[in-house]
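Novice: 3D model of this:
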Amino acid sequence: MEEDRNSTQSPEPETLAAGVAGEMDLADSAALLAEVASERDRLAQEQAEIYDQLLRLRAEFDNFRKRAQRERAELAEYASMEAVRAIIPVLDDFERALKVQVADEEYAKGMELIYQRLLGILEKAGLEPLESEGQQFDPEFHQAVDTEKTDKAEDHTILLEHQRGYTFKGKLLRPAMVRVAVRP
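Specialist: Purely as a prediction, here's the structure:
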């Protein structure tokens with residue numbers, strides 16, 4: 001019975017202290033767990049922001065690389081365009097020289113061959129002559145240097161080409177200088 005009395009008596013002071021310490025450890029553990037969870041969430045958000053920043057930087061770099069390649073290609077194309085532009089007056093001179101009658105047929109034939117060869121090389125590089133005579137006037141490709149009042153042709157039809165126009169790889173290199181028909 002004494003044993004029963006001991007069991008019904010209040011707990012010993014050591015047991016009580018251990019229980020209180022356990023409750024404090026439990027409260028500290030819960031606070032520590034909440035702090036760790038908060039830190040984990042903060043780090044996860046920081047990692048997501050850094051990953052998003054990495055993706056953006058990678059996309060920007062990829063766009064920069066593509067833009068730089070395109071600019072290099074355009075620069076190379078522009079450089080060749082300027083070289084061709086510098087040669088066009090030589091083509092004009094050949095065309096004027098071929099219109100002049102000469103006594104020596106062999107000389108005229110040689111000039112024609114040289115002209116054809118030069119034009120062929122430039123066409124392979126991307127030069128395209130504009131056909132103007134008989135076409136409708138287009139201010140994008142033609143420059144009207146004079147007009148002629150006539151009923152023989154439709155209004156705004158090109159009657160004469162004073163100077164040939166050219167495009168280079170689809171871009172206008174030089175507009176054609178033309179005479180345009182207008183209704184009286």
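
Novice: Strands of the chain, start to end?
Specialist: For the chain, the strands defined by DSSP state E occupy 127-129, 142-149, 158-163, 166-168, 171-174, 176-182.

Novice: can you list these in CSV and add distance to Q101 and mean neighbour count?
Specialist: From N, CA and C alone the C-beta is placed, and that goes for glycine too. Formatted as CSV, the strands of the chain follow (distance: least, Cβ to Cβ, whole Å; neighbours: other Cβ atoms under 10 Å):
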stretch, distance to Q101, mean neighbour count
strand 127-129, 23, 17
strand 142-149, 25, 14
strand 158-163, 20, 17
strand 166-168, 26, 20
strand 171-174, 27, 15
strand 176-182, 23, 20
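
Novice: Got the domain ranges for this structure?
Specialist: What automatic domain parsing lists as the domains of the chain is 1-88, 130-184.

Novice: which of the ones you listed is buried the deepest?
Specialist: For the domains of the chain, the largest average neighbour count (mean count of other Cβ atoms under 10 Å) is found in domain 130-184, namely a mean of 15.

Novice: first to last residue in that domain, what's the distance?
Specialist: Terminal residues of domain 130-184 are spaced 28 Å apart (Cα to Cα, to the nearest Å).

Novice: hmm, back to that, by mean pLDDT, show me the worst of the domains of the chain.
Specialist: Mean pLDDT is lowest for domain 1-88 out of the domains of the chain, coming in at a mean of 81.

Novice: Return the distance of that domain from the chain's centre.
Specialist: Here domain 1-88 is found 36 Å from its chain centre; the criterion is Cα atoms, centre = their mean, to the nearest Å.

Novice: cool, stretch 118-132 as well?
Specialist: Its chain's C-alpha centre and that of stretch 118-132 lie 26 Å apart, by Cα atoms, centre = their mean.

Novice: any idea which helix is longest in the chain?
Specialist: Ranked by residue count and defined by DSSP state H, the top helix of the chain is helix 13-99.

Novice: for that one, packing partners?
Specialist: If you count contacts as 3 or more Cβ pairs under 8 Å, 6 or more residues apart in numbering; DSSP states H and E, helix 13-99 packs onto helix 105-125, strand 166-168, strand 171-174.

Novice: Adding distance to V36, write the strands of the chain out as JSON lines.
Specialist: JSON lines is the format used below for the strands of the chain (distance: least, Cβ to Cβ, whole Å):
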{"stretch": "strand 127-129", "distance to V36": "73"}
{"stretch": "strand 142-149", "distance to V36": "78"}
{"stretch": "strand 158-163", "distance to V36": "83"}
{"stretch": "strand 166-168", "distance to V36": "68"}
{"stretch": "strand 171-174", "distance to V36": "65"}
{"stretch": "strand 176-182", "distance to V36": "79"}
